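[1] just need the structure, nothing else, for what follows:
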Amino acid sequence: MTFLRENGTLLVGACAFISLLGYFVWNDSYLGYAIPFALLMVYCAVFYTKLTLFIIIGCTPLSVNIEEYTDSFGLYIPTEPLLFGTLVILALQGLRHKIFPDYLKSSPLYWVILVYFSWLFITSITSTSPMVSFKFLLVRCWFIIPLLFYGSGVLTNKKAIWTFLWLFCSGMIISITFTLIVHAGYGFGEKESHWVMWPFFKDHTIYGALVALVIPLIFAMLIAKKHSPFIQFVLYGYVVVAFIGLYFSYTRAAQLSLVIGLVVYFLIRFRIKFSLVATVAIAGLLFVWFSWDSIQQELERNKFEHTTENISERFQSAANVTTDASNLERINRWSCAIEMFQERPLVGFGPGTYAFEYARFQRPENLTIISTNFGVMGNAHSEYLGPLSETGLPGMLIIFVIVGIIFYLGIDLYQRWPAKDREVRTIIMGMIVALVTYFIHGFLNNYLDTDKAAVPVWVMSAIFIALRHKLKTNNTELIEN
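    Here you go, the predicted structure:
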């Protein structure tokens with residue numbers, strides 16, 4: 001009887017779920033199958049909000065965009081309905097009691113995100129397509145509020161952080177393994193690499209970006225602490241599968257971002273002074289400036305194509321701006337974004353409107369064999385130029401500030417966290433490098449409007465906020481549960 005009293009709601013919910021599912025199976029109502037699962041999601045969001053957050057994390061690498069099946073609107077199932085439901089539940093709970101930790105307001109990231117939301121709202125009003133822009137704003141809300149704001153109060157101990165790592169990395173390994181199995185059936189061909197990750201990923205670029213992001217996290221898990229032989233074997237297997245997945249993704253930007261992430265690791269690990277890094281960077285820019293003519297001549301002689309399966313030739317093809325259609329189309333999209341900015345420099349055309357507006361800004365000399373006027377094949381191909389065209393110069397600057405604060409929080413946290421706590425320091429470093437791979441990749445592609453990238457990026461940022469509070473309150477002894 002005690003069990004019934006304590007778990008009555010759960011039992012009633014389970015019985016209702018089973019009954020509804022049985023009804024639809026009995027009547028062969030295939031569309032109706034979704035109703036019990038939708039009710040189950042609502043139930044979890046209401047009574048087990050923290051559990052729902054972890055369900056979202058685990059499902060993200062395996063979510064499917066129903067646009068592939070409906071040819072109407074894009075929605076990732078089950079993550080985005082869960083995120084939207086969680087957002088609604090948090091709003092309702094917020095009417096009665098506090099749902100976010102008090103220390104969230106002490107984080108500079110919280111305040112700049114509020115500025116970001118405010119600017120998105122303003123530019124949605126001035127947008128050329130207000131409905132599109134307000135939908136974009138809503139999507140940003142259901143990513144950031146549950147994952148960053150609410151997540152900063154959930155991911156506060158080692159057990160929660162390790163749960164995030166295991167769920168997300170394991171989900172990615174399942175997705176990578178599936179992709180490799182399908183790809184193997186086609187002899188690991190380069191052309192097939194563009195779509196074999198379907199239905200979990202839209203194409204090889206976002207797939208490669210997430211594979212690169214997950215590799216530092218797996219390494220951090222592997223070396224953070226001593227594991228049992230079985231867990232050690234599993235993590236070594238994760239490393240092997242992830243690297244094979246990265247290689248056969250044929251994604252140059254992802255592979256390069258991992259190399260840059262490794263460089264950043266050494267800069268942080270050995271405390272290389274920022275002044276030295278800045279000096280080298282300025283010297284490099286000056287060299288490029290004074291040598292531009294010879295560099296341009298060399299670029300024009302580069303005829304390597306990204307379609308080659310030779311990895312060295314693929315890296316060289318990244319500098320091919322004369323014949324490589326992928327590179328030329330990216331330049332075309334960037335040029336459109338800049339011209340859109342020049343037409344509406346302050347407020348842009350409105351959040352989410354690039355795909356609907358860029359066509360008329362395409363210049364004939366920039367068009368390629370893969371150019372289109374229908375907003376397919378990605379947006380502005382940049383996390384930074386996209387906001388520049390859609391929300392003006394203030395919007396792009398806000399994005400740079402957000403990225404800068406995220407890295408400031410992470411690097412400062414790593415340097416100040418007690419050296420004796422090797423486990424947490426290693427995890428922090430792994431997350432910093434993972435975020436480096438993504439935001440470097442962000443110069444060439446933009447995926448923060450999808451659950452695949454938004455979930456890990458905002459969850460890791462939430463962990464930085466939570467751990468920073470622990471550090472400020474001298475409470476760095478994270479409990480296990």
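[2] where does the stretch 201-350 of the chain have low pLDDT?
    When the per-residue scores of the stretch 201-350 of the chain are filtered using pLDDT under 70, the ranges that remain are 288-324.
[3] and stretch 416-433, which residues are buried?
    Under the neighbour-count criterion of 16 or more other CB atoms under 10 Å, stretch 416-433 has 417, 423-433 buried. To be clear about C-beta, it is placed using only N, CA and C from the backbone, and glycine gets the same treatment.
[4] same thing with stretch 470-477?
    Within stretch 470-477, the residues that qualify as buried are Lys470, counting by 16+ other CB under 10 Å.
[5] name the residues that touch that stretch?
    Stretch 470-477 is contacted by residues 103, 106, 156, 413, 416-418, 421, 424, 478 when judged by CB atoms under 8 Å, 6 or more residues apart in numbering.
[6] which residue is the nearest non-sequential neighbour of Ser193?
    Nearest residue to Ser193 in three dimensions, chain neighbours excluded: Tyr250, at 4.5 Å (CB to CB, 6 or more residues apart in numbering).
[7] residues contacting the closest residue to Phe200 other than its chain neighbours?
    In space, not counting the residues next to it along the chain, Phe200 is nearest to Ser175; the distance is 4.7 Å by CB to CB, 6+ apart. For Ser175, the contacting residues are 61-62, 197, 200-201, 207, taking CB under 8 Å, 6+ apart as the criterion.
[8] now the helix or strand hosting Ser175: buried residues?
    Counting by DSSP states H and E, the element that carries Ser175 is helix 158-184. Within helix 158-184, the residues that qualify as buried are 158, 160-173, 175-176, 179-180, 183, counting by 16+ other CB under 10 Å.
[9] now stretch 134-143
    134, 136-137, 139-143.
[10] remind me, longest helix of the chain?
    When every helix of the chain is counted residue by residue (DSSP state H), the longest turns out to be helix 385-416.
[11] pipe the contacts of Ser175 into TSV and attach secondary structure and neighbour count per row.
    Shown next, in TSV, are these (DSSP: H, G, I helix; E, B strand; the rest coil; neighbours: other CB atoms under 10 Å):
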residue	secondary structure	neighbour count
Pro61	helix	26
Leu62	helix	16
Met197	coil	25
Phe200	coil	21
Phe201	coil	27
Tyr207	helix	29
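[12] which of the residues you listed lies closest to Val259?
    Comparing the contacts of Ser175 against Val259 with CB to CB places Tyr207 closest, at 18.2 Å.
[13] you'd agree Ala380 is in a helix?
    No - assignment of Ala380 by DSSP: H, G, I helix; E, B strand; the rest coil gives coil, placing it outside any helix.
[14] and stretch 260-278, how far apart are its ends?
    From the first residue to the last, stretch 260-278 extends over 16 Å; the measure is CA to CA, to the nearest Å.
[15] mind listing what's buried in the helix or strand harbouring Gln342?
    Element membership of Gln342 [criterion: DSSP H and E] is helix 325-343. Along helix 325-343, the positions that meet the burial threshold by neighbour count (16+ other CB under 10 Å) are 325-330, 332-337, 340-341.
[16] ok, now stretch 232-248?
    For stretch 232-248, the neighbour count (16+ other CB under 10 Å) marks 234-235, 238, 241-242, 244-246, 248 as buried.
[17] now stretch 64-84
    In stretch 64-84, counting by 16+ other CB under 10 Å, buried: 64-66, 75-84.
[18] got JSON lines for those residues, with pLDDT, distance to Leu397 and secondary structure too?
    Conversion of those to JSON lines gives the following (pLDDT from 0 to 100; distance: CB to CB, whole Å; DSSP: H, G, I helix; E, B strand; the rest coil):
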{"residue": "Val64", "pLDDT": "89", "distance to Leu397": "35", "secondary structure": "strand"}
{"residue": "Asn65", "pLDDT": "85", "distance to Leu397": "31", "secondary structure": "strand"}
{"residue": "Ile66", "pLDDT": "79", "distance to Leu397": "35", "secondary structure": "coil"}
{"residue": "Leu75", "pLDDT": "80", "distance to Leu397": "31", "secondary structure": "coil"}
{"residue": "Tyr76", "pLDDT": "86", "distance to Leu397": "29", "secondary structure": "strand"}
{"residue": "Ile77", "pLDDT": "85", "distance to Leu397": "35", "secondary structure": "strand"}
{"residue": "Pro78", "pLDDT": "86", "distance to Leu397": "35", "secondary structure": "coil"}
{"residue": "Thr79", "pLDDT": "90", "distance to Leu397": "30", "secondary structure": "helix"}
{"residue": "Glu80", "pLDDT": "90", "distance to Leu397": "28", "secondary structure": "helix"}
{"residue": "Pro81", "pLDDT": "86", "distance to Leu397": "33", "secondary structure": "helix"}
{"residue": "Leu82", "pLDDT": "87", "distance to Leu397": "32", "secondary structure": "helix"}
{"residue": "Leu83", "pLDDT": "91", "distance to Leu397": "27", "secondary structure": "helix"}
{"residue": "Phe84", "pLDDT": "88", "distance to Leu397": "29", "secondary structure": "helix"}
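[19] out of these, who's nearest Asn445?
    Comparing the buried residues of stretch 64-84 against Asn445 with CB to CB places Asn65 closest, at 16.4 Å.
[20] look up how far Tyr438 lies from that closest one.
    19 Å (CB to CB, to the nearest Å).
[21] returning to what we had before: hmm, which two among the buried residues of stretch 134-143 are most spread apart?
    With CB to CB as the measure, no two of the buried residues of stretch 134-143 lie farther apart than Phe134 and Phe143, at 15.1 Å.
[22] does Thr437 really touch Val211, like I thought?
    No - because the distance of 9.4 Å does not satisfy CB atoms under 8 Å, Thr437 is recorded as not touching Val211.
[23] more neighbours: these two, which one.
    Relative neighbour count places Val211 above the other of Thr437 and Val211, with 31 against 28, counting by other CB atoms under 10 Å.
[24] how about the nearest residue to Trp111, chain neighbours excluded?
    On the basis of CB to CB, 6+ apart, the spatially nearest residue to Trp111 that is not a chain neighbour turns out to be Lys105, at 7.9 Å.
[25] let's see the pLDDT reported for the one you found.
    Lys105 is assigned 94 on the pLDDT scale.
[26] could you confirm it falls within a strand?
    No - secondary structure assignment places Lys105 outside any strand; it is helix (three-state DSSP).
[27] tell me how far it lies from Ser152.
    11 Å.
[28] take the buried residues of stretch 232-248 and write them to TSV, including distance to Ser382 and secondary structure.
    Listed next are the buried residues of stretch 232-248 as TSV, based on distance: CB to CB, whole Å; DSSP: H, G, I helix; E, B strand; the rest coil:
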residue	distance to Ser382	secondary structure
Val234	37	helix
Leu235	34	helix
Tyr238	30	helix
Val241	30	helix
Ala242	26	helix
Ile244	29	helix
Gly245	24	helix
Leu246	22	helix
Phe248	25	coil
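[29] what is the nearest of the residues you listed to Ile272?
    Compare each of these with Ile272 using CB to CB and the shortest gap goes to Leu246, at 26.2 Å.
[30] hmm, the closest one is touching Leu258, no?
    Yes - the pair formed by Leu246 and Leu258 meets the contact definition of CB under 8 Å, at 7.1 Å.
[31] joint contacts of the two?
    Contacts common to Leu246 and Leu258, judged by CB under 8 Å, 6+ apart, are 212, 215.
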